[in-house]
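Asks: I would like to see how this sequence folds:
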Amino acid sequence: MSKKTWKFLVILVLVSFISAGCYYFAAKREMKKAEQLISELKREGGPTLVPYEYTSAEKFLEISNFEFKDNDFKTAKGFATRSKSAAEAGLAEVKRKK
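Replies: A predicted model of the protein is given here:
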């Protein structure tokens with residue numbers, strides 16, 4: 001194998017690891033924020049006042065956790081973002097109702 005090919009392969013592997021690591025940490029951050037928002041929504045009475053938003057947020061986070069355990073960090077981040085959005089919408093609706 002030539003030196004040029006070897007360098008190209010090393011760079012390709014490094015870029016792959018770096019990009020996978022970025023999704024890992026981004027997914028972890030989104031999941032943690034979604035968990036916090038869901039807890040806040042639960043404390044504010046979300047399960048009874050806004051059951052659709054509350055259940056959606058919980059289920060999206062559940063799917064996110066499953067995808068994360070399956071090492072699909074990009075998809076896990078996407079579902080965590082959707083969970084966060086549902087929880088935020090629920091919190092806004094709860095505050096509007098109170």
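
Asks: Leaving out chain neighbours, which residue sits closest to the spatially most central residue of the chain?
Replies: Geometric centre of the chain, nearest residue: Ala80, 2.4 Å, by Cα atoms, centre = their mean. Nearest non-adjacent residue to Ala80, counting by Cβ to Cβ, 6 or more residues apart in numbering: Glu30, 3.6 Å away. Quick note: C-beta positions are derived from backbone N, CA and C, even for glycine.

Asks: In three-state terms, how would that neighbour be classified?
Replies: helix (DSSP: H, G, I helix; E, B strand; the rest coil).

Asks: Quick check: the residue nearest to the centre of the chain touching Gln36?
Replies: No: look at Ala80 against Gln36 with Cβ atoms under 8 Å: they stay out of range, at 11.5 Å.

Asks: Work out for me the element the residue nearest to the centre of the chain sits within.
Replies: Secondary structure from DSSP states H and E places Ala80 in helix 73-97.

Asks: Of all the residues in that helix, which ones are buried?
Replies: If you call a residue buried by 16 or more other Cβ atoms under 10 Å, then helix 73-97 has these buried ones: 73, 75-91, 93-94.

Asks: was I right about Ala26 contacting Lys77?
Replies: Yes: Ala26 lies in contact with Lys77 (Cβ under 8 Å); the separation is 5.2 Å.
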